[in-house]
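[1] Starting from these lines, generate the structure:
(2 chains)
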Amino acid sequence: MLRVVIADDAVLLREGLVRLLTENGHDVVAAVGDGPGLVEAIVAHRPDVSIVDVRMPPSHTDEGLRAAVRARQLVPGTPVLVLSQYVEVSYADDLLADRSGSVGYLLKDRVADVAEFLDAVARVAAGGAVFDPEVVAQLFVRRRRDEPLRELTPREREVLGLMAEGRSNTAIARQLVVSDGAVEKHVRNIFAKLRLAPDDEQHRRVLAVLTYLRG
Amino acid sequence: MVDPMRQLVRQLGRDTAYVLAGFPLAIVSFVVLVTGFALGMGLLITVIGFPVLAVTLLTARALADLQRIQLPAILHDARVRPVYAETPPGAGFWRRVSNPIRQGQSWLDLVHGVLSLIPATIAFSLVVTWWAGALGGTLFFAYDWALPHPPDNYELHELLGLADTATNRILFNTAIGLFFLLTLPLVVRGSALMKAYLARGLLNGVAALRGRIVDLEQQRAAAMSAEATALRRLERDIHDGPQQRLVLLAMELSRAQQQVDTDPAAARETLAGALTQTRETLGELRALSRGIAPPILTDRGLPSALAALAGRCTVPVDLAVDQAMPRLDPAIEHTAYFVVAESLANVAKHSRASGCWLTVAVADGLLGVVVVDDGVGGAALAKGHGLAGLADRVRANGGTFTVTSPHGGPTEIRAELPC
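    Here you go, the predicted model:
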């Protein structure tokens, strides 16, 4: 069971999220509708994870994102999963700027796949980094002239992409229908080709990959 | 970069020529036009006055045109010529005679032809005086020996108490000459401008105003056409996309409702399909609203929004955008964004390019956007083409839009917007 703070100004969606999380055995300790409310709730409740919509009052721009960054300054490392109708790399940059884990950035649509969404919430709460495939795709495009990236085999690129989304080796193996060992081998090759220091800790590894992709 | 000294001398030459030539011209036009006008008015009682007036006004027009040709060199602006209504073909004698008389600009030409004598005289006197002072003073040392200096001849320096020696004379006159020489460009420029401003006001003022109105009318038409096109496209996109999908979705859900009792397995399958439909609808809506007002542009400004656009383009884009660009007027930012968005969409769809270069910069109150690709070329501003809509949009914001795309490439799309 996770203690969750939800911040979304759309009442329908907020209630929907509360219902979804409660039905799946989580405890929603606060549901707020604006940026300052989110910061307050995180400071007051110290939740296991916060689920935040990017666009909120009062500014109706990237208020949620800025509130999340502010909250993470006040409560370092507090896990935040940001949802948005749009994914843009520059928003992801903000979340990754402090180089600690426990962040996620997903397209709002992903809520439609309940199991997948709950898994993402759990991964962020456990200190992981979860990024939408669209963000990862944009990151790849941004680095397309990158020499080391071109050296990767198509399979390795696939693995790198899934890793950047924040998936574990086991999850990657399941998705690609290969053995865990095969994935581990790919990961080692990728790290060697990108000249990244090998790291056994999965979360740190994800961050290393994301940092690399951000350039 | 032109040498400022050379530019000063060149302008001095032009101004001097303009003023010196302008004086005899002003006398001629004064004499001719006053005579013609007086004669014409006097003869009005007999109908002969009308053709005399018409000829006088046409002469004034010719003299005015002569002025207009000279103005750009003095005022550094574009050449303007008012539109004179032409006589309809096959018009009778009296219609032809009345044509110049009925036009306001003809009378302004006449007024200028008469009045211009005043500034022309003043300007001419000043310019001749200053040139004479400058040349006579600074070159005094060269001809002092040729002047007689009888003792009862009191010159200016002697009146000021200086002894009448050659050195004193030369020093004194050279000083005066230098004063004239140094102030010469200023005085000549001022004289030329005085003449030119009167000419511009009377001869081109109305025409310039009318030109501006035509520009604004075109801008307004472009804005309305761009807006109408955008709205029509939006309506079609909503109709073809999300609306259809939602109808289908409702249908599928109602089917699932029926199936629940009779065939739960089929119901599950239908629901799964409905879920996919929903996701795709969301995707389409997102693309649509991004097309209307991209949130990242509002939130993060042009450089970030352009980087995101470049990131989504299927052809590799080389991005050169001034990251420290200040926030501009929202309308200008939007227009620039859509120029890039539409251009990149064109590159991806039609150009078969392997690379694309995007440059965006602000300088001298202009925002410049250049998109170049190494594709097959042949892009056109044809009606109904996406690029034509862009041209309208840019023009609506007072900017310019050009597409250079020979067959075989490369294609260059260039937009400049005032900001």
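
[2] Strands of chain A, start to end?
    Listed in chain order, the strands of chain A (DSSP state E) span A:3-7, A:27-32, A:49-53, A:80-84, A:103-107, A:129-131.

[3] is it possible to export those to CSV including mean neighbour count, distance to chain B and mean pLDDT?
    Any C-beta I mention is one placed from the backbone N, CA and C, and that applies to glycine too. Listed next are these as CSV, based on neighbours: other C-beta atoms under 10 Å in any protein chain shown; distance: least, C-beta to the nearest C-beta, whole Å; pLDDT from 0 to 100:
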stretch, mean neighbour count, distance to chain B, mean pLDDT
strand A:3-7, 25, 17, 96
strand A:27-32, 18, 21, 95
strand A:49-53, 27, 12, 95
strand A:80-84, 25, 9, 92
strand A:103-107, 26, 8, 92
strand A:129-131, 26, 14, 90
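
[4] What count of nearby residues applies to A:Thr170?
    11 (other C-beta atoms under 10 Å in any protein chain shown).

[5] do the one 4 residues further on as well
    When neighbours are defined as other C-beta under 10 Å, A:Arg174 has 13 of them.

[6] how near is the nearest residue to B:Leu234 once chain neighbours are set aside to B:Gly36?
    Of all residues not flanking B:Leu234 in the chain, B:Ile292 sits nearest, at 6.8 Å (C-beta to C-beta, 6 or more residues apart in numbering or on different chains). Distance from B:Ile292 to B:Gly36, counting by C-beta to C-beta, to the nearest Å: 64 Å.

[7] Quickly find the element holding the residue nearest to B:Ile238 when sequence neighbours are not counted.
    Residue nearest to B:Ile238 in three dimensions, not counting chain neighbours: B:Leu288, with 6.8 Å by C-beta to C-beta, 6+ apart. If you go by DSSP states H and E, B:Leu288 is part of helix B:264-292.

[8] quick check: angle from that helix to strand A:103-107?
    Angle, helix B:264-292 to strand A:103-107, by axes from the mean of the first three to the mean of the last three C-alpha atoms, to 10 degrees: 90 degrees.

[9] so what does helix B:264-292 touch, helix or strand wise?
    Contact here means 3 or more C-beta pairs under 8 Å, 6 or more residues apart in numbering or on different chains; DSSP states H and E; on that basis helix B:264-292 packs against helix B:205-238, helix B:244-262.

[10] Let me know the average pLDDT across whatever helix or strand comes next after it.
    Sequence order places helix B:295-300 as the next helix or strand after helix B:264-292, per DSSP H and E. Across helix B:295-300, pLDDT averages out at 86.

[11] And stretch B:315-322, by the same measure?
    Here the average pLDDT along stretch B:315-322 is 87.

[12] nearest residue to whichever residue of the stretch 101-250 of chain B sits closest to chain A other than its sequence neighbours?
    The nearest approach of the stretch 101-250 of chain B to chain A comes at B:Leu249, 12.4 Å away (C-beta to the nearest C-beta). In space, and not counting its chain neighbours, B:Leu249 is closest to B:Gln277: 4.9 Å by C-beta to C-beta, 6+ apart.

[13] what's the burial count for residue 73?
    Let's take chain A. Neighbourhood size, A:Gln73 [other C-beta under 10 Å]: 11.

[14] wrong one, I was asking about chain B
    Neighbours around B:Ala73, by other C-beta under 10 Å: 16.

[15] And it, how far from B:Arg200?
    For B:Ala73 relative to B:Arg200 (C-beta to C-beta), the value is 13 Å.
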